[in-house]
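Q: Sequence first, then the predicted structure, then my questions.
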Amino acid sequence: MEIDPFIFRLSIFILSIFIGYYVVWSVTPSLHTPLMSVTNAISSVIIVGAIIAGLAGNSETIFNTSSIFGFLAISLAAINIFGGFLVTQRMLAMYKKKKKDK
Amino acid sequence: MLSANLSAIFYLISGVLFILALRGLSSPETSRQGNFFGILGMIIAIVVTFLSIGNFSTGFVVVLIFLLIGGLIGAFIAYKIPMTAMPELVAGFHSLVGLAAVFVAIAAFLNPVAFNLGSPGNIKLGSLIEMSIGAAVGAITFSGSIIAFLKLQGIMSGSPITFKGQHPLNALILTSIIILTYLLCSTQSSNLFWILLGVSFLIGFLLIIPIGGADMPVVISMLNSYSGWAAAGIGFTLENTALIITGALVGSSGAILSYIMCKGMNRSFFNVILGGFGATEQSSSSQSKEQRPVKSGNADDAAFLMKNASSVIIVPGYGMAVAQAQHALREMVDTLKKNDIKVSYAIHPVAGRMPGHMNVLLAEANVPYDEVFELEEINNDFANADVAFVIGANDVTNPVAKTDPQSPIYGMPVLDVEKCKSVLFVKRSLSPGYAGIDNDLFYKENTLMLFADAKKMTEDITKNL
């Protein structure tokens, strides 16, 4: 008897929730804002689906309804990816330790 | 062209890199490296997607153009945005993730062949369910985040909007979403798909409008969580491991943050979501608490008190963000330190409008993060400190939360500011805080009220030191 591949994806999903649970509890509270901006950026990996949709049209009709939604989604996700990672970078660069020059 | 198995392995790698990105945030030292892992994971995912499709014709160029447009806008926003606007920015970004999820779901619904999900009108049942969930949650995330954004930006009033029959209406709409999903799966009708999307957008608006401004930390965390579940739903549709792992990570991250925020207010999640907190409590504040004597002072008095102190604890709140007083505050602290006064910062979990809001602002003003402490770390130190300087915080310092079981904030963890030898309280007026209750701290013997704008007062104190 064969196992439906859906079950494997479900397993990955459930186990990832647990990983997320433990990893996020270990995030220091002072970095909760960067945590939100970086989760924002990585959830935009949804761009993968947008690219598939955008490239689905054949060579004569690049712009059909489905691929137009794909193109729009690419731009939206790209705003998030660039914006999210860069703003996180900018924030993290500000967290400095006390200078030991006293 | 990359084989399906090989690309699946690469997607797994980028999923693992995303886990490492979050892991890095456990301390500021490792966080920058973590962010780098995140970027790397994203690059791998995007490149692998291109390679696995292997279509480098005109369509590829168009995709790149859209990618660049979005990327430029994103980079521009990231460099221009002031740190005080971070809550709005995060809410705005959440709405984009939600909308992107909706668009991908629409694209998959209209052209299932491209995603290997069957043919239009005959989409595999499992995929259709996953797609509907992704689309519905994405739509809720989008419209909810828009409302949160408008409230944070001040375009929309931060006070809760409530009307009669709100909860039954919401319950009705939520039930209709489930019924629509069921009907959609049995009939494959595209009309039902559009109705489902419309109804989901509507419920997103309705869910967030009754929630007040100071509950925004919970709302933002919750929408963060939703954007994750939406991504996971789409991940199942596309059978993409990276998306499933990320969705689960982000979903649980947002859920944990909402839990921490709710605990910081000692309120249940449902209590926050059902909303209307600030509006209903206002009436009870007028009872018997007539004019009580208050000691008020000026910058000179405050400077005198601090100059003679040996340790000072600063308690910042949302008012500091509004007045943009973080730089002035750091200058004041620098002067204090020159006089050999020990200074530390105490941060309440729900200070500000999003998790970690105060920490980012202090970091921006060059305050070293090892001088900034969380509630549990520093609460015992108030008894030994000479001066507590409360700037823009209110309810989180109210001793009533510990003493009066009748109070709406009873049981909420508060900073033990009243245990300090003296308390300096910068505030514009005596008006109650968000919870609509009087702060007992105002009337204590050892409290000196400084009625002024937070930034101006801090600057004046520095001059007098």
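A: Perfect, thanks for sending it.
Q: Neighbours of the residue in chain A that chain B sits nearest to, how many?
A: Nearest residue of chain A to chain B: A:Ala78, at 2.7 Å (C-beta to the nearest C-beta). In this view, the C-beta of every residue, glycine as well, is placed from N, C-alpha and C. The tally of other residues near A:Ala78 (other C-beta atoms under 10 Å in any protein chain shown) stands at 26.
Q: what's the helix or strand of chain A with the lowest mean pLDDT packed up against?
A: Ranking every helix and strand in chain A by mean pLDDT, DSSP states H and E puts helix A:47-54 at the bottom, with a mean of 90. Secondary-structure packing of helix A:47-54 (3 or more C-beta pairs under 8 Å, 6 or more residues apart in numbering or on different chains; DSSP states H and E): helix A:65-92, helix B:28-53, helix B:58-80, helix B:86-110, helix B:216-238, helix B:241-265.
Q: B:Glu459: which of the ones you listed is closest?
A: Closest to B:Glu459 of these is helix B:86-110 (C-beta to C-beta; 23.7 Å).
Q: leaving aside the residues next to it on the chain, what's closest to the residue of chain B found nearest chain A?
A: Closest to chain A within chain B is B:Gly70: 2.7 Å, counting by C-beta to the nearest C-beta. Spatial nearest neighbour of B:Gly70, chain neighbours left out: A:Ala78 (2.7 Å); criterion: C-beta to C-beta, 6 or more residues apart in numbering or on different chains.
Q: Give the full set of residues in contact with that neighbour.
A: By C-beta atoms under 8 Å, 6 or more residues apart in numbering or on different chains, the contact list for A:Ala78 reads A:Ser44, A:Ile47, B:Phe66, B:Leu67, B:Leu68, B:Ile69, B:Gly70, B:Gly71, B:Ile73, B:Gly74.
Q: same deal with B:Gly71?
A: Contacts of B:Gly71 by C-beta under 8 Å, 6+ apart are A:Ala78, A:Ile79, A:Ile81, A:Phe82.
Q: For B:Ile43, see how far away the last one is.
A: In other words, A:Phe82. Distance of A:Phe82 to B:Ile43, computed by C-beta to C-beta, to the nearest Å: 12 Å.
Q: Specify which residue of those two has the higher count of neighbours.
A: Between A:Phe82 and B:Ile43, A:Phe82 has the larger neighbour count (other C-beta under 10 Å), namely 25 against 13.
Q: The more buried one contacts B:Leu68, correct?
A: No - with contact defined as C-beta atoms under 8 Å, A:Phe82 does not reach B:Leu68; the gap is 9.7 Å.
Q: What separation is there between B:Val322 and B:Ala214?
A: Separation of B:Val322 from B:Ala214 (C-beta to C-beta): 12 Å.
Q: Leaving out sequence neighbours, find the closest residue to B:Ser26.
A: Spatial nearest neighbour of B:Ser26, excluding adjacent residues (C-beta to C-beta, 6+ apart): A:Ser26 at 4.6 Å.
Q: Low-confidence stretches in the stretch 251-400 of chain B?
A: For the stretch 251-400 of chain B, the stretches with pLDDT under 70 are B:275-291.
Q: per-residue confidence for the residue of chain A closest to chain B?
A: Here the pLDDT value assigned to A:Ala78 is 96.
Q: same check, this time on the one 3 residues further on
A: What the model reports as pLDDT for A:Ile81 is 95.
Q: cool, B:Val219 as well?
A: We have a pLDDT of 88 for B:Val219.
Q: how far away is it from B:Ser310?
A: According to C-beta to C-beta, B:Val219 stands 41 Å off from B:Ser310.
Q: Near B:Asn122, how many other residues are there?
A: Counted with other C-beta under 10 Å, residues neighbouring B:Asn122 total 10.
Q: Tell me the spacing between the residue lying closest to it once chain neighbours are set aside and B:Ala139.
A: Excluding its sequence neighbours, the residue lying closest to B:Asn122 (C-beta to C-beta, 6+ apart) is B:Gln188, at 6.7 Å. Counting by C-beta to C-beta, the gap from B:Gln188 to B:Ala139 is 19 Å.
Q: Which one's more surrounded, the two?
A: Set B:Gln188 next to B:Ala139 and count neighbours by other C-beta under 10 Å: B:Ala139 wins out with 26 against 17.
Q: The more buried one: what's it in contact with?
A: Each residue near B:Ala139 by C-beta under 8 Å, 6+ apart is listed here: B:Gly98, B:Val102, B:Leu197, B:Ser200, B:Phe201, B:Gly204.
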